[in-house]
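Novice: Fold the stuff below for me.
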Amino acid sequence: MKTIYLGFIYCLVSLCIISACKEKDRFKPNSDDTQAPGKITLKSYEALYGGARFFYSFPDDEDLMSVEAIYTNKNGKKFTFAASYFVDSLDVYGLPDTEEYTIQLYAVDRAGNKSEPLNVKVRPLEPAFSRVANSMVVKPGFSSFFIDWSNELKQNINVYVDFTFNQNGETRSITSVFSSNLEKDRRFINDLVLSPSEKVDVKIRVEDIYGNITEPISKGQISL
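Specialist: Numbers count the residues shown, from 1 in each chain. As a prediction, the model looks like this:
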C-alpha cells in the first residue's frame, strides 16, 4: 500500500514539473516566430473615471504573452497599457473627458508579434483631474489665501495656482504648483503683504499624469 502511495506522489510531482517546464518555455524568446496571434475577443467593457476596463477572451495561441491597449490623445501622443495572459481584464486611463474614444486591443506573443487590432469605442466617466478642478474653493487668510479641494479617487494631480496683484504700483504675476494624491487637501499661498483694497486675482489649472490639463478656471478677485 505504501509503495502505491509513493508511486502516486511521484507521478503527481512529475506532472507538476512537466507543467512548470511548459509554462517556463512560454517565456523563452523565439526570434524565428513571425506568425501573429489571433485577435482578442471582447466580452464587455466598463466605463471608469477617465478610462475603461476591458474584459476579453484570448485567442488559441500557445505562446501568447500579453494583451496591449493603445490609444492616441488629441495631441498625438500615444499611450500603451498591458496585462499578462494570466488575467482576463485590462484597465486603460488618461482619457481627458466623457467623449467617445477608440481603443485598440492587441494580443502579443513571446516573439513580440501583434495580432490585428480590435477597435473598441468607449465613453469614459468624468476624469479625476476635472473632478478635482470643479471641487476647488479659494478663501482669504491673513496675508495669505488658501485652496481646498477633494480628490476622492486619490489620483496623482498637479495644481497650478496663477495669481496676479498690484504691489507698490507694480503688477506681479506668480504661479505656485502643488502635487497631491490625498483625498482632501488644503494648500496655502503665504507672505502676501497687501492691504484689503489690494485684491488678488486667482486662476486655477489642474493636470493629471497623462498630460491632460484644464483651461484656467477663474476664482475671481479676493481681499486678504
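Novice: Please tell me how far the closest residue to residue 99 other than its chain neighbours sits from residue 48.
Specialist: Distances taken as C-beta to C-beta, 6 or more residues apart in numbering place residue 123 nearest to residue 99, at 7.2 Å, with adjacent residues excluded. All C-beta atoms are positioned from the backbone trio N, CA, C, and that covers glycine. Separation of residue 123 from residue 48 (C-beta to C-beta, to the nearest Å) stands at 11 Å.
Novice: which of those two has more neighbours?
Specialist: Remark: of residue 123 and residue 48, residue 48 carries more neighbours, 17 against 13, as counted by other C-beta atoms under 10 Å.
Novice: Contact partners for that one?
Specialist: The neighbours of residue 48, taking C-beta atoms under 8 Å, 6 or more residues apart in numbering as the test, are 91, 92, 93, 124, 125.
Novice: Residue 75 is in what secondary structure piece?
Specialist: Counting by DSSP states H and E, no helix or strand carries residue 75.
Novice: Would you map the helices across the protein?
Specialist: 2-26, 128-135 (DSSP state H).
Novice: measure the residue nearest to residue 99 to residue 94 for me?
Specialist: Taking C-beta to C-beta, one finds residue 123 at 15 Å from residue 94.
Novice: Over to residue 163?
Specialist: 29 Å.
Novice: Skip the chain neighbours and tell me the closest residue to the residue nearest the centre of the chain.
Specialist: The structure's the chain has its C-alpha centroid closest to residue 93; by C-alpha atoms, centre = their mean the separation is 3.8 Å. The shortest distance from residue 93 to any non-neighbouring residue, by C-beta to C-beta, 6+ apart, is to residue 51 (3.8 Å).
Novice: In this structure the one you found contacts residue 96, no?
Specialist: No. Residue 51 is beyond contact range of residue 96, at 10.5 Å (criterion: C-beta atoms under 8 Å).
Novice: Neighbour count for those two, which is higher?
Specialist: residue 51 (23 against 20).
Novice: where do the strands sit along the chain?
Specialist: Along the chain, the stretches classed as strands by DSSP state E are 41-48, 51-57, 64-72, 78-84, 89-93, 101-109, 118-122, 137-141, 144-150, 157-167, 170-180, 184-189, 200-208, 217-222.
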